[in-house]
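S.K.: sequence and predicted structure below; questions after.
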Amino acid sequence: MKFPFKRSGLMVGALCCAASLSLAAQTASPAQSPAKPAAEPVKIKPIEINGASRKALMTLPGINAALADKIIAGRPYLSKANLLSHKVVSDTTYAMIRTRIYVIPKLPVKK
């Protein structure tokens, strides 16, 4: 026996590999941990701000009754960015609602 440490090192390595394979087989067993179905993402229907009712506008985050009335009073909007440029809502409120609103441009009717 020229290399007793080499042989014992190989034995320890083999035992570690066998133990890790055994542990991996136990954790991957479907009988012990049943797979849970993934939760479906909630689909939010966007709101058209030129035609939405006060009640519909109030469903948006950060929009209360006063802001909903302010949005309605400022109609028609050519783009949703007009809410910022006309100073109808703050930057933070706009950041919360920008993905949940859209605009169908309506030009004002002159009488």
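M.R.: Now that the structure is in, tell me what you want to look at. Numbers count the residues shown, from 1 in each chain.

S.K.: tell me the mean pLDDT over stretch 55-72?
M.R.: The average of the pLDDT scores along stretch 55-72 is 96.

S.K.: buried residues in stretch 94-107?
M.R.: 94, 97, 101, 103 (16 or more other C-beta atoms under 10 Å). Glycine gets a C-beta too; all of them are placed from N, C-alpha and C.

S.K.: give me the below-cutoff pLDDT ranges for the chain.
M.R.: Along the chain, the model assigns pLDDT under 70 to residues 1-37, 108.

S.K.: mind listing residues that contact stretch 93-101?
M.R.: By C-beta atoms under 8 Å, 6 or more residues apart in numbering, the residues outside stretch 93-101 that reach it are 44, 46-49, 60-63, 67, 80, 83-84, 89.

S.K.: likewise stretch 40-53?
M.R.: 56-57, 59-60, 71, 75-77, 80, 83, 99-106.

S.K.: show me what counts as buried in it.
M.R.: Within stretch 40-53, the residues that count as buried by 16+ other C-beta under 10 Å are 47, 49, 50, 52.

S.K.: quick check: the second one vs residue 43, distance?
M.R.: With the distance defined as C-beta to C-beta, to the nearest Å, residue 49 ends up 19 Å from residue 43.

S.K.: with the last one instead?
M.R.: Using C-beta to C-beta, we find residue 52 at a distance of 18 Å from residue 43.
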